[in-house]
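Peer 1: Sequence first, then the predicted structure, then my questions.
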Number of protein chains: 2
Amino acid sequence: MSILVVGSVAFDSVETPFGKAEEVLGGSATYFSTSASYFTQVSLVAVVGEDFPEEHVDNLKKRGIDTEGLKKVPGKTFRWKGRYGYDLNQAHTLETNLNVFSAFDPVIPERYRDLPYVFLANIDPELQWKVLDQVRKPRLIACDTMNFWIEGKPDALRKLLKRVEVFVINEAEAREFAGESSLVKAARKIMEDGPRILIIKRGEYGALMFSEKSVFSAPAYPLENIFDPTGAGDSFAGGVMGYLANTGDLREDNIRRAIIFGSVMASFNVEAFSLSKLSSLSFDEIRARYSEFKRLTNFEDI
Amino acid sequence: MSILVVGSVAFDSVETPFGKAEEVLGGSATYFSTSASYFTQVSLVAVVGEDFPEEHVDNLKKRGIDTEGLKKVPGKTFRWKGRYGYDLNQAHTLETNLNVFSAFDPVIPERYRDLPYVFLANIDPELQWKVLDQVRKPRLIACDTMNFWIEGKPDALRKLLKRVEVFVINEAEAREFAGESSLVKAARKIMEDGPRILIIKRGEYGALMFSEKSVFSAPAYPLENIFDPTGAGDSFAGGVMGYLANTGDLREDNIRRAIIFGSVMASFNVEAFSLSKLSSLSFDEIRARYSEFKRLTNFEDI
C-alpha cells in the first residue's frame, strides 16, 4: 500500500569531521521518500523554488516516487547549512534560509487523498493538522517534529497528537516535550496525549519503541565511520513506514521488524553525504544488513 | 568455579536527584562480589580501616563471599563523595579520601592463588600487574580501569592488557584511551593491545561487546527511575564474570548470555542506593529480568 509524505525538500550544506558537501539535495521528505521507496510506492508533497533542477525530480521519479505533489513556485528552494563535530548526534545549525518553504501551505492532490499511510515529516504542527483534514481514509498516521515546534507550538502539537498513531521523536525532544528527565516516564506521559506507538530516536544508540504493552530496544549499527548524520531520522522513518505499508501488518511483532528496517536504512544513509548511498542500494544489501542486526543483538535463552 | 576479585571497599556519600545517602557501603570490589555471589563463590582482596564495621563483613560472608583477603589496617577506610545530576551517566566527584587505600599493596592469600577466574577491579594498573604475578592458574583474567589511569599510566595499562582476556571500559574512556572518536575503530585499536574480548559500557544505553569475529549490542533495561548509578559498572562486571565462572563456558554465545546477566545485575543495582537492592535479590527475580531483556530486544527474521 502507498504512503503520502508531506515535508521539506531542501539544499543542504554540511560539514562533518570527514569532509563537506555544498548545496546537496536534502530535506525531510526527500530522505523519507527515498528510503521508503525500497518498500512501497510513495507520493510526495513539498515545495521547491525555481532553482530546483529537474534532474533531482527525475531521480526521485526513477525511484518510483510520485512527484505530482512537489510544487515548484517562484523564489528559491529552502537552504540549510550545518556542521557536526565529533559528537555526531548533535547538528549545529549555521544558517537556515526557509525561502519558498516559509509560505508552504500543503495542498494534497486529489489522487493522494485516499492513501492509507500518511507520514507528516517535521513541519509546523498546524500545517500537519491541515494535511490530516485533507486525507480521507488514513489507515496509519505517523508524525515527526523538532524542538523548534515543541518550544514554539506545544499546544498545537499536543492537539495534533490525538490524531496520530505513531509518533517519532528524538530522545532529548521527548524529555523536553514531557518535562520529564526519566525517558520511560516521558514516554508514558507523551502517549497519554494520543499516540499508540512512540518511537524514540537515540542516534548512535539506536531507538526505543514504546507501545501500550511493551518496550522494544533496537540498536544502531556499529559503523566505523559516520560520514554525515543528516537525514538519519527521516531515512529511519522511511524504512519503518515503508515496511509497514508494504506488509500492511500493524501488529507489534511487525512494528518491531519495521523498526529494524528503519535502523538499516538510517545506517546506510549516514555512510555518505546527501542521498548518495541511500538512493543506490539493492534490496539484497538491505536484507543482508537486517540479518546483521539479528546477529548484533542475538542471545540465547537460559 | 570461583572468582578472585581485587579492588576497593569504601564508604560512599552520594547525592542524586532522588535523594541522598551518607557513608554507605560502596567500592568496586564490594559491588562486584555481591553481584557475582548470585552465580558463584567469590574471594575478595581489598583493604579497609579500623572504622569498618564487622556487620558489613558479616553481610558479605552471608552472601558466601570469602573475606580472608579483606585486610583491616590502622587508619580510616576509603571515602568517596559524589553527586549525579539528571544526566545519570556522569558522576561528579566532590571529594575523594583514599585513606588506607592509598597504601594498598594487594597480597593474595595462598588459598586464592589457584582460583581460575580473576577480576581486576579499577585500581592502579601496576597493582593489577602485581596481582597477576601472584596467581598461578588463571583461566580467565578480566579487568576494569578508569580515566585517571588512562591519563596517568597509559603505558602500564597497555602492558597489563597483554595479559588480560576481557577488558571492561566505559565508552568515553575507550575513545580517550585509543585517541579515536569512532567507537568501532577505538575498539579495534584497543584489542590490538591484547584483550580478546572488549566490553564497552554505555550507561543507560547498554553495552557493546567486541570479539575477534563479531559485535554484540546489549540494551540497558528501561527503568522508570534510576535512583543511584554508583556501582553499576561493577555490578555489571560481577554478573558477567559470575555467569562465566558458573558455567565455565567461554564461547561467544555464552559470553553474550553473561553480558545480559551483567546488564540484569546493573539494572537492579541502580534501583536503590548502595547495595540495598543488589544484596537482597532472589535468583528467580534475576531469571525473570533476563527474560524481560529477551522480550525487550526480540524481533523476528524476515
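Peer 2: Yes, it's here. Given the structure is predicted, the values throughout are model-derived calculations rather than measurements. Residues are numbered from 1 along each chain as shown, chains lettered A, B, ... in the order given.

Peer 1: drop to CA atoms for contacts and neighbour counts, all remaining ones
Peer 2: OK.

Peer 1: which stretches of chain A form helices?
Peer 2: Using DSSP state H, the helices assigned to chain A run over residues A:28-36, A:54-62, A:125-134, A:147-152, A:154-161, A:171-178, A:183-192, A:232-247, A:252-269, A:283-297.

Peer 1: Could you pull out the buried residues of the fifth one?
Peer 2: The reference is to helix A:154-161. A:156-158, A:160-161 (16 or more other C-alpha atoms under 10 Å in any protein chain shown).

Peer 1: Same check on the third one?
Peer 2: In terms of neighbour count (16+ other C-alpha under 10 Å), helix A:125-134 has its buried residues at A:125-129, A:131-132, A:134.

Peer 1: Would you mind pulling up the elements that it packs against?
Peer 2: Packing partners of helix A:125-134 (3 or more C-alpha pairs under 8 Å, 6 or more residues apart in numbering or on different chains; DSSP states H and E): helix A:154-161.

Peer 1: switch to 10 Å and redo it
Peer 2: strand A:3-6, strand A:117-120, strand A:140-144, helix A:147-152, helix A:154-161 (3 or more C-alpha pairs under 10 Å, 6 or more residues apart in numbering or on different chains; DSSP states H and E).

Peer 1: Now the lowest-mean-pLDDT helix or strand in chain A: buried residues?
Peer 2: Here the helix or strand of chain A ranked lowest by mean pLDDT, DSSP states H and E is strand A:91-97, holding a mean of 93. For strand A:91-97, burial by neighbour count (16+ other C-alpha under 10 Å) applies to residue A:91.

Peer 1: what about it, near chain B?
Peer 2: No. Strand A:91-97 is not in contact with chain B by C-alpha under 10 Å from any C-alpha of the partner chain; minimum separation 16.3 Å.

Peer 1: helices and strands around that strand, which ones?
Peer 2: Secondary elements touching strand A:91-97 (3+ C-alpha pairs under 10 Å, 6+ apart): strand A:10-16, strand A:79-84.

Peer 1: I'd like those laid out as JSON lines, including mean pLDDT and mean neighbour count.
Peer 2: Shown next, in JSON lines, are the helices and strands packed on strand A:91-97 (pLDDT from 0 to 100; neighbours: other C-alpha atoms under 10 Å in any protein chain shown):
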{"stretch": "strand A:10-16", "mean pLDDT": "95", "mean neighbour count": "23"}
{"stretch": "strand A:79-84", "mean pLDDT": "95", "mean neighbour count": "19"}
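
Peer 1: could those go into JSON lines alongside distance to chain B?
Peer 2: Below are the helices and strands packed on strand A:91-97 laid out as JSON lines (distance: least, C-alpha to the nearest C-alpha, whole Å):
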{"stretch": "strand A:10-16", "distance to chain B": "13"}
{"stretch": "strand A:79-84", "distance to chain B": "13"}
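
Peer 1: excluding its backbone neighbours, what's nearest the residue nearest to the spatial centre of chain A?
Peer 2: Centroid-nearest residue in chain A: residue A:234, 2.3 Å away (criterion: C-alpha atoms, centre = their mean). Of all residues not flanking residue A:234 in the chain, residue A:32 sits nearest, at 4.8 Å (C-alpha to C-alpha, 6 or more residues apart in numbering or on different chains).

Peer 1: Now do the same for the one you found: its pLDDT.
Peer 2: Looking at residue A:32, its pLDDT stands at 98.

Peer 1: quick one: whichever residue of the stretch 1-150 of chain A sits closest to chain B and residue A:92, what's the gap?
Peer 2: Ranked by C-alpha to the nearest C-alpha, the top residue of the stretch 1-150 of chain A for proximity to chain B is residue A:86, at 6.5 Å. The gap separating residue A:86 from residue A:92 is 12 Å, by C-alpha to C-alpha, to the nearest Å.

Peer 1: Could you do residue A:178 as well?
Peer 2: 24 Å.

Peer 1: Could you list the residues of the stretch 1-150 of chain A in contact with chain B?
Peer 2: So the stretch 1-150 of chain A meets chain B at A:86-88 (C-alpha under 10 Å from any C-alpha).

Peer 1: Point out the least confident one among the residues you listed.
Peer 2: residue A:87 (72).

Peer 1: what's around that residue, how many residues?
Peer 2: Counted by other C-alpha atoms under 10 Å in any protein chain shown, the residues lying close to residue A:87 total 12.

Peer 1: Quick check: it touching residue B:175?
Peer 2: No. At 11.7 Å, residue A:87 does not count as touching residue B:175 under the criterion of C-alpha atoms under 10 Å.

Peer 1: just checking, the residue of the stretch 1-150 of chain A closest to chain B touches residue A:17?
Peer 2: Yes. Contact criterion C-alpha under 10 Å: residue A:86 and residue A:17 qualify, at 6.5 Å.

Peer 1: Can you pull the residues that touch both of the two?
Peer 2: Contact criterion C-alpha atoms under 10 Å, 6 or more residues apart in numbering or on different chains; residues shared by residue A:86 and residue A:17: residue A:226.

Peer 1: still on that earlier bit, give the contact list for the residue of the stretch 1-150 of chain A closest to chain B.
Peer 2: Neighbours of residue A:86 in contact, by C-alpha under 10 Å, 6+ apart: A:16-18, A:226, B:180-182.

Peer 1: Widest-spaced pair of the residues you listed?
Peer 2: A:16 and B:180 (15.3 Å; C-alpha to C-alpha).

Peer 1: Please tell me I have it right and residue A:96 contacts residue A:77.
Peer 2: No. Between residue A:96 and residue A:77 there is no contact under C-alpha under 10 Å: 11.2 Å.

Peer 1: And the pLDDT at residue A:46?
Peer 2: pLDDT, read off for residue A:46, is 98.

Peer 1: Excluding chain neighbours, what is closest to it?
Peer 2: residue A:70 is the one closest to residue A:46 (C-alpha to C-alpha, 6+ apart), at 4.8 Å.
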